[in-house]
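1. What would the 3D arrangement of this be:
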Amino acid sequence: MATPLHLSILPQTFAVCRLPSDDPIPDWTSIGPFTSITRTSDELSIVCMEDTVPSHEVKVERGWRLLKIAGPLDFGLVGVLASLLSPLADAGIAVFTLSTYDTDYVLVKQNDLPIALEALRRAGHQTTII
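-> Numbering: from 1, shown residues only. As a prediction, this is how the structure comes out:
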């Protein structure tokens, strides 16, 4: 992917949660500008606003910031995530990624956000905190 991407960074802090695969989807997941729910035979994985997750009963990794790639992206595009993940890996930044029909999302830890944004800008991408 030679074309620079534009990423919007949402101001909220997000959490990645794991529940048993047969649990119902909790009500607290429906609050906020972004929620991703994935159910497999092994787990119910939820990404949602951090402050909506109860402090008990949930296995959770807190403190993620969400970077949204401007879309919609054509399904035929090749290397979109690689163009982002490679500079982040080079900078030592751990990520959690998600894709939707329209676009891709990359989550980085809040403490790593300044380094991540600098690495992405050096790679030619544009970032805007909204």
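
2. Tell me where the model's unsure across the chain.
-> 1-2, 72-73, 75-79 (pLDDT under 70).

3. Helices of that one, start to end?
-> 80-90, 113-122 (DSSP state H).

4. Can you lay out those as TSV showing distance to Thr52?
-> Every C-beta, even on glycine, is put in place using the N, C-alpha and C of the backbone. Formatted as TSV, the helices of the chain follow (distance: least, CB to CB, whole Å):
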stretch	distance to Thr52
helix 80-90	26
helix 113-122	20
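
5. out of those, nearest to Phe14?
-> Checking those against Phe14 by CB to CB gives helix 113-122 as the closest, at 11.9 Å.

6. That closest one: how far from the chain's middle?
-> 15 Å (CA atoms, centre = their mean, to the nearest Å).

7. in it, what's buried?
-> Buried positions in helix 113-122, judged by neighbour count with 16 or more other CB atoms under 10 Å: 113, 116-117, 119-120.

8. same check, this time on stretch 98-105
-> 98, 103-105.

9. So which residue is smack in the middle of this protein?
-> Nearest to the mean C-alpha position of the chain, counting by CA atoms, centre = their mean, stands Leu107 at 3.1 Å.

10. Out of the helices of the chain, which is closest to Ile9?
-> Using CB to CB, those put helix 113-122 closest to Ile9, at 7.4 Å.

11. by how many degrees do the closest one and helix 80-90 diverge?
-> Here helix 113-122 runs at 120 degrees with respect to helix 80-90, directions being taken by axes from the mean of the first three to the mean of the last three CA atoms, to 10 degrees.

12. and helix 113-122, what does it pack onto?
-> strand 6-19, strand 59-69, helix 80-90, strand 126-129 (3 or more CB pairs under 8 Å, 6 or more residues apart in numbering; DSSP states H and E).

13. Pipe these into JSON lines and attach mean neighbour count and distance to Cys48 per row.
-> Shown next, in JSON lines, are the helices and strands packed on helix 113-122 (neighbours: other CB atoms under 10 Å; distance: least, CB to CB, whole Å):
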{"stretch": "strand 6-19", "mean neighbour count": "18", "distance to Cys48": "6"}
{"stretch": "strand 59-69", "mean neighbour count": "19", "distance to Cys48": "10"}
{"stretch": "helix 80-90", "mean neighbour count": "16", "distance to Cys48": "22"}
{"stretch": "strand 126-129", "mean neighbour count": "13", "distance to Cys48": "20"}
